[in-house]
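1. everything below, folded, please.
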Amino acid sequence: MKVNDNPPLHLTYCLNVHPAESWEETFDAIRTYSLAIRDRLGVGGKFALGLRLSNQAACTLADENVLDEFADFLEGENLNVFTINGFAYGEFHNRPVKQDVYKPDWRSESRLEYTMKLARILSKLLPPNSLGSISTVPGSYREWIRSDRDFEEIAVMLARSAIGLMEIHQNTGKEIILALEPEPDCLMEGADDAIKLLPRLAKVGANYIAETCGMPFHEAMQRWKRYIGLCLDTAHLSVNFEDPAEAITKVSQAGIRIGKVQISAALQVRMTTDALNRLADFAEPVYLHQVKALRTDGKIDSFPDLPAALAAARDKSDCWRQWRVHFHLPLFFKGDEDFTSTIKDISNGDIELGGRFAQILTSGITQQLEIETYTYNVLPERIRGGNIIEDIVREYKWVIKELFGTIKPGNAD
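-> From the prediction side, this is the model:
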């Protein structure tokens, strides 16, 4: 769905909201949910799918016959694919995922092989001379990186991916950005971390590209910057108490390419006894829910998961003013004064004049937006709006109205 013409800006939703690990399950989710969402929205042009492919699903779809059948299906249903979520390599639903979501990390050959498999799939699905993106883990989980050697291994693996993407671009005309997605407690937590760490990674990576491809260092650095960028998730930025509009602007001004922006909202809680009691319903066993706690003295405490934060709050809850929890909530969720979401971080401003966040998005800073509320199946019942089709439609309508007030889905392309 196109939400801006000049410069172009496209909107999709991430299929990681639908439990699916095999290709057969993924394809069934598209036919069951994505087509119904498209029809409910009344989209007149191409409707985009934000594919999420596990390694298992990618191995199946990489088969030429299967991929050709899927491409024919997309054409017949007036669908397209411009981005793939390549963050979670393995199973992502219905079992404890927690820190395993970052495995294998970017020190691993398996991560590189999986990502290049996704890139080859995406290159087959993209229209000629078009731009695609693959979002991925932000290097690694921070506590796993203990030496300069770990850091250098990540840089070299990313450089190898850049070489692979460069070859795909040269051979097909399809340009694909590998977009590292900063997340709390990872090697890159947010925009500030990325601005500090990516140049360090780039220096090592560009040296590797220069030596491997026999090109000058400055040319190798240009290749790195072209194919290695960021996926900025607004919930992750807000959890870190970073203003999304400011963060996205800073990243772009630092010369870092933004492959896509994920539109999402995190849980925001003012510290009261009632709010703490209500938080217990969100301490579920599947996903990692990092917590950043703003203290009354202005400093920020970090907790690796919500249960750890709740345990600490039993003794000293009065030392914090606000918690921000990495738990994605529906964009339309309002809550109350004490128990709400970070959605105001991206919805401020006069719609008719264009809010600051929306103005930045339509400035050409990225071509791709993706709604990402993957936690639907672990949300407390009282938070869900209706059923998943209705709720995703509501999220689309929220984005269209709050960020792009003049766009009408029926006229979108």
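
2. pLDDT score for the residue in the chain sticking out farthest from the centre?
-> Going by CA atoms, centre = their mean, the residue of the chain most distant from its centre is residue 315, 34.9 Å out. Here, the pLDDT recorded for residue 315 equals 72.

3. just the element for it, please.
-> Taking DSSP states H and E as the definition, one finds residue 315 inside helix 306-316.

4. shouldn't residue 27 be in contact with residue 70?
-> Yes - with contact defined as CB atoms under 8 Å, residue 27 reaches residue 70; the gap is 7.2 Å. Using the backbone N, CA and C atoms, a C-beta is placed for each residue, glycine as well.

5. ok, the two, which is more surrounded?
-> Counting neighbours by other CB atoms under 10 Å for residue 27 and for residue 70 shows that residue 70 has the greater number, 21 against 18.

6. next, the buried residues of the helix or strand following the helix holding residue 315.
-> Using DSSP H and E, the next helix or strand after helix 306-316 towards the C-terminus is strand 320-329. For strand 320-329, the buried set under the neighbour-count rule, 16 or more other CB atoms under 10 Å, comprises 320, 322, 323, 324, 325, 326, 327, 328, 329.

7. and stretch 25-35, by the same measure?
-> Within stretch 25-35, the residues that qualify as buried are 26, 27, 29, 30, 33, 34, counting by 16+ other CB under 10 Å.

8. which SS class is the closest residue to residue 117 other than its chain neighbours?
-> Among residues not flanking residue 117 along the chain, residue 58 sits closest, at 4.9 Å (CB to CB, 6 or more residues apart in numbering). At residue 58 the chain is in helix, as set by DSSP: H, G, I helix; E, B strand; the rest coil.

9. my read is that residue 197 contacts residue 188, right?
-> Yes - if you go by CB under 8 Å, residue 197 and residue 188 touch, sitting 5.7 Å apart.

10. so for these two, which sits in the more crowded spot?
-> Applying other CB under 10 Å to residue 197 and residue 188 shows that residue 188 carries more neighbours, namely 24 against 20.

11. what sits against the more buried one?
-> Contacts for residue 188 (CB atoms under 8 Å, 6 or more residues apart in numbering) come out as 138, 139, 180, 182, 194, 197, 198.

12. go through those residues and name the one nearest residue 373.
-> Nearest to residue 373 among the contacts of residue 188: residue 182, at 18.2 Å, using CB to CB.

13. from residue 131, how far off is the closest one?
-> 21 Å (CB to CB, to the nearest Å).

14. the more surrounded of the two?
-> residue 182 (27 against 18).

15. circling back to that earlier point, contact partners of the helix holding residue 315?
-> So helix 306-316 is contacted by 271, 276, 279-280, 282-283, 289, 291, 293, 301, 303, 320, 323, 325, 327 (CB under 8 Å, 6+ apart).

16. just the buried residues out of those residues, in ChimeraX syntax.
-> Selecting only the buried entries of these in ChimeraX, with 16+ other CB under 10 Å as the criterion:
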select :271,276,279,282,283,289,291,293,303,320,323,325,327
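
17. pick out the most distant pair among the contacts of helix 306-316.
-> 280 and 301 (19.1 Å).

18. residue 134 contacts residue 84, correct?
-> Yes - counting by CB under 8 Å, residue 84 is a contact partner of residue 134 at 5.0 Å.

19. so what sits against both of residue 197 and residue 188?
-> residue 139.

20. the residue nearest to residue 117 and residue 371, how far apart?
-> 22 Å.

21. how about residue 273?
-> If you go by CB to CB, the gap between residue 273 and residue 371 works out to 34 Å.

22. the more surrounded of these two?
-> Neighbour totals were compared for residue 273 and residue 371, and residue 371 leads with 20 against 11 (other CB under 10 Å).

23. check the gap between residue 209 and residue 203 for me.
-> 11 Å.

24. more neighbours: which of the two?
-> residue 209 (27 against 13).

25. so what's the closest residue to that one other than its chain neighbours up against?
-> In space, and not counting its chain neighbours, residue 209 is closest to residue 220: 3.9 Å by CB to CB, 6+ apart. Residues near residue 220 by CB under 8 Å, 6+ apart: 206, 207, 209, 210, 213.

26. check residue 269 too.
-> 275, 276, 278, 279, 322, 323, 324, 325, 338, 339, 340.

27. surely the third one and residue 335 touch.
-> What it means is residue 278. No - using CB under 8 Å, residue 278 makes no contact with residue 335, being 9.7 Å away.

28. quick check: closest non-adjacent residue to residue 102.
-> Distance criterion CB to CB, 6+ apart; nearest residue to residue 102, sequence neighbours excluded, is residue 141 at 4.5 Å.

29. so what's the one you found up against?
-> 99, 102, 105, 185, 186, 187.

30. I'm done for today, thanks for sticking with me.
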